[in-house]
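Visitor: Take this sequence and fold it.
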Amino acid sequence: MVPSALQTVRLGPTSLEVPALGIGTWSWGDKLYWDYGNTYDREQLHASFAAATEAGLVLFDTAEVYGLGESERLLGAFMKGSPYPVCIASKYFPFPWRIFPQQVVDALDATLERLGRSQVDLYQIHWPLHFLLGHKTLLKTLADQVKAGKIRAIGVSNYSAAQLREAHGYLKEWGVPLAVNQVQYSLLERCIERNGVLAAARELDVAILAYCPLAQGLLTGKYGRETSLPPTGARRLDPRFTATGFAKILPVVDALREIGDRRDRTAAQVALNWLITRAQVVPIPGAKTPEQVRDNVGALGWSLSPEEGDLLATLTQEF
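Guide: Sure thing, here's the model as predicted:
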């Protein structure tokens with residue numbers, strides 16, 4: 001599935017081997033937060049998909065709630081005409097009215113229909129919210145679907161260390177490995193290093209899928225002294241994108257640019273490489289344009305020096 005020349009990561013003790021960098025598709029079809037349809041469109045996303053697969057970035061992370069299913073539908077349509085095998089990770093959202101196991105199966109079937117597939121490579125619980133269904137029942141339902149052939153591997157998302165251990169323990173009872181915990185992780189969001197999540201994942205051999213690895217664009221160097229251009233969509237409400245908020249992270253962006261200049265890399269590539277060099281961590285940055293895809297690809301095939309990595313870690317300790 002993955003070109004041999006590309007760096008790869010095995011997702012926990014599963015058979016899933018994926019590129020060391022994926023593509024997050026939260027913005028694909030999302031009009032409310034990301035302004036889909038106004039600042040970018042389906043044709044642009046299709047071109048991004050083609051650029052990613054041609055480069056070997058064949059891991060795409062989506063969810064049923066992204067664009068209310070539109071992200072999955074777009075991926076399903078793009079895969080139909082693609083010559084490349086693609087690895088799809090999607091997520092189940094435990095809505096309050098999903099209180100019976102069959103409703104979980106129905107949600108999975110709807111995801112598979114939108115994707116145009118009979119099996120999803122990785123199926124994750126989007127948030128640790130179980131309501132009347134219960135955590136063990138939810139995981140047992142998903143484990144049964146692994147054995148039924150509809151799910152290749154199970155993951156969780158936004159789980160604490162304790163919740164991760166519980167999920168791992170339940171699945172182990174039924175002989176099903178836990179592949180990933182998808183969490184926010186970047187130079188500007190390093191909480192998992194202090195709250196036990198990263199340590200628990202490493203102890204249990206669970207991979208980390210790092211979403212928002214570029215802090216929604218803040219680590220790309222696009223925003224800063226040289227531009228007053230605000231982000232589109234709901235991001236303009238994020239205080240980090242204000243002059244005051246950005247001033248706090250400017251030393252980090254400056255360091256990324258300086259390291260990038262020495263290595264002929266962009267700030268985004270340096271920020272992503274910092275994550276890639278961590279064991280069992282796969283960043284899944286978003287990409288709305290082919291140019292962003294190509295920039296992301298440049299994070300692979302090289303490594304920051306220990307001194308450069310330590311400098312960035314020191315500059316971002318408060319985050």
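
Visitor: Just the mean pLDDT for stretch 117-131, thanks.
Guide: In this model, stretch 117-131 carries a mean pLDDT of 95.

Visitor: quick one: it to chain centroid distance?
Guide: From the chain centre to the centre of stretch 117-131 is a distance of 14 Å (CA atoms, centre = their mean, to the nearest Å).

Visitor: Now do the buried residues in that stretch.
Guide: Buried residues in stretch 117-131, defined by neighbour count with 16 or more other CB atoms under 10 Å: 117, 120-126, 128, 130. Every residue, glycine included, has its C-beta placed from N, CA and C.

Visitor: Please apply the same query to stretch 189-196.
Guide: For stretch 189-196, the neighbour count (16+ other CB under 10 Å) marks 189-190, 192 as buried.

Visitor: Next, the residues that contact that stretch from outside, please.
Guide: If you take CB atoms under 8 Å, 6 or more residues apart in numbering as the criterion, stretch 189-196 is touched by 160-161, 183-185, 197-198, 208, 212, 215, 316-317, 319.

Visitor: farthest-separated two in the residues you listed?
Guide: Largest separation among the contacts of stretch 189-196 by CB to CB: 161 and 215, giving 22.7 Å.

Visitor: Throw the buried residues of stretch 117-131 into a markdown table and include distance to residue 43, thanks.
Guide: Shown next, in a markdown table, are the buried residues of stretch 117-131 (distance: CB to CB, whole Å):
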| residue | distance to residue 43 |
| --- | --- |
| 117 | 23 |
| 120 | 26 |
| 121 | 26 |
| 122 | 28 |
| 123 | 29 |
| 124 | 29 |
| 125 | 33 |
| 126 | 28 |
| 128 | 37 |
| 130 | 39 |
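
Visitor: which residues in the stretch 101-250 of the chain form strands?
Guide: For the stretch 101-250 of the chain, the strands defined by DSSP state E, counting those that start in this stretch occupy 120-125, 151-157, 178-184, 207-211.

Visitor: before we move on, the earlier item: which one of the contacts of stretch 189-196 is nearest to residue 269?
Guide: residue 215 (14.6 Å).

Visitor: I'd like to know which of the contacts of stretch 189-196 is nearest to residue 169.
Guide: residue 161 (12.7 Å).

Visitor: who's in contact with residue 103?
Guide: Going by CB under 8 Å, 6+ apart, residue 103 touches residue 97.

Visitor: Which residue, neighbours along the chain excluded, lies closest to residue 132?
Guide: residue 99 (4.2 Å; CB to CB, 6 or more residues apart in numbering).

Visitor: pull the CA atoms of the one helix or strand residue 273 maps to into CSV?
Guide: Element membership for residue 273, per DSSP states H and E: helix 267-276. Written as CSV, here are the backbone C-alpha positions of helix 267-276 (Å, rounded to 0.1, in the frame of the first residue of the first chain):
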residue,chain,number,x,y,z
ALA,A,267,8.6,26.4,8.7
ALA,A,268,5.7,23.9,8.3
GLN,A,269,8.1,21.2,7.2
VAL,A,270,10.3,21.8,10.3
ALA,A,271,7.3,21.7,12.6
LEU,A,272,6.0,18.5,11.1
ASN,A,273,9.5,16.9,11.2
TRP,A,274,9.7,17.6,14.9
LEU,A,275,6.7,15.3,15.3
ILE,A,276,7.8,12.7,12.8
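
Visitor: List the contacts of it.
Guide: Residues contacting helix 267-276 (CB under 8 Å, 6+ apart): 7, 20-21, 185-187, 210, 213-214, 219-221, 253, 256-257, 259-260, 263, 265, 281, 283, 285, 295-296, 298-300, 302-304, 308-309, 312.

Visitor: For residue 17, see how far away the residue nearest to residue 132 is.
Guide: Counting by CB to CB, to the nearest Å, the separation of residue 99 from residue 17 is 36 Å.

Visitor: neighbour-wise, which of those two wins?
Guide: More crowded of residue 99 and residue 17, by other CB atoms under 10 Å: residue 99, with 15 against 12.

Visitor: For that one, which three-state class applies?
Guide: Recorded secondary structure, residue 99: coil (DSSP: H, G, I helix; E, B strand; the rest coil).

Visitor: Check what pLDDT it gets.
Guide: For residue 99, the predicted pLDDT is 92.

Visitor: Over to residue 96?
Guide: 82.
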